[in-house]
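> what's the 3D shape of this:
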Amino acid sequence: MIIGESERLCIRHFLLSDTDYILTQLNDAAFIQNIADKNVKTKAEAELYLQNSPLESYKLNGFGLNMVQLRETLEPIGMCGLVKRPELDTPDLGYAFLPNYWRKGYAEEACNIVLSHAKHNLKIKEVLAITLPDNTASNYLLRKLGFKRDGVAQLYGFENNQYRYFL
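Numbers count the residues shown, from 1 in each chain. Predicted structure coming up:
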């Protein structure tokens, strides 16, 4: 299912065939440092991650993390979507991009597509975003998107900045 498109991007639900991208993204050093080590090291583990995380979330919540692809080539460049975490009272905007696609505006573009989909299709009125205090790029992006910092949240054993956005 396609979540949305722009001139440059196509955002769609993950498929079980997206294991190569998942292995690359989840083992990227910046992903591990800024998000978490998901301990996904094989294709079988990547498939299990897809089944138990985004695909399960689509069924349970009607949303989840999505594949972000370049529209012209369909090359996978990142993930972006909403996550319902048990620790948080509201869906959380999550995103990660492969390093070759940083600082090109793709994350902002993808987040805007996901937030528009949340507002217009899912009728969600409020979204959180969580990021480490020293993740300068993510803190900047969230403020640029219009998120307001409203406290801290413990996630994966770390204290994170918590942002809130009203749709």
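> do you know how far P99 is from I77?
10 Å (C-beta to C-beta, to the nearest Å). (C-beta placed from N, C-alpha, C; glycine too.)
> one more: M67?
With C-beta to C-beta as the criterion, M67 and I77 are 9 Å apart.
> check G146 too.
Shown here: G146 relative to I77, a distance of 23 Å by C-beta to C-beta.
> what of G94?
G94 sits 15 Å away from I77 when distances are taken as C-beta to C-beta.
> now Q69
Between Q69 and I77 the computed distance is 7 Å (C-beta to C-beta).
> ranges for the strands of the chain?
2-5, 9-13, 65-70, 76-83, 92-97, 126-131, 148-155, 158-166 (DSSP state E).
> name the residues that touch the third one?
For strand 65-70, the external contacting residues (C-beta atoms under 8 Å, 6 or more residues apart in numbering) are 3, 8-15, 18, 21, 53-54, 57, 75-83, 94-95, 97, 106, 110, 114.
> ChimeraX command for the buried members of these?
A single ChimeraX command is used to select the members of those judged buried by 16 or more other C-beta atoms under 10 Å:
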select :3,8,9,10,11,12,13,14,18,21,53,54,57,76,77,78,79,80,81,82,83,94,95,97,106,110,114
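> in this protein, where is pLDDT below threshold?
Low-confidence segments of the chain (pLDDT under 70): none present.
> what's the single longest helix in it?
Ranked by residue count and defined by DSSP state H, the top helix of the chain is helix 106-120.
> hmm, who's touching it?
By C-beta under 8 Å, 6+ apart, the surrounding residues in contact with helix 106-120 are 3-6, 8-9, 11, 63, 66, 68, 77-78, 80-82, 91, 93, 95, 97, 124-125, 127, 141, 144-145, 165, 167.
> apply 6 Å and report the result again.
Applying C-beta atoms under 6 Å, 6 or more residues apart in numbering, the set of residues contacting helix 106-120 from outside is 3-4, 6, 9, 11, 68, 80-81, 95, 97, 124, 141, 145, 167.
> likewise for stretch 135-149?
With contact meaning C-beta under 6 Å, 6+ apart, stretch 135-149 is reached by N34, A107, C111, A129, T131, N161, Y163, R164, Y165.
> the first one and N100: what is the separation?
Right, N34. Using C-beta to C-beta, N34 is found at 16 Å from N100.
> and for V152?
With distances taken as C-beta to C-beta, V152 is found 32 Å from N100.
> ok, K123 next?
The gap separating K123 from N100 is 35 Å, by C-beta to C-beta.
> from the contacts of helix 106-120, pick the one nearest A29.
For these, the residue nearest A29 by C-beta to C-beta is F97; the value is 13.5 Å.
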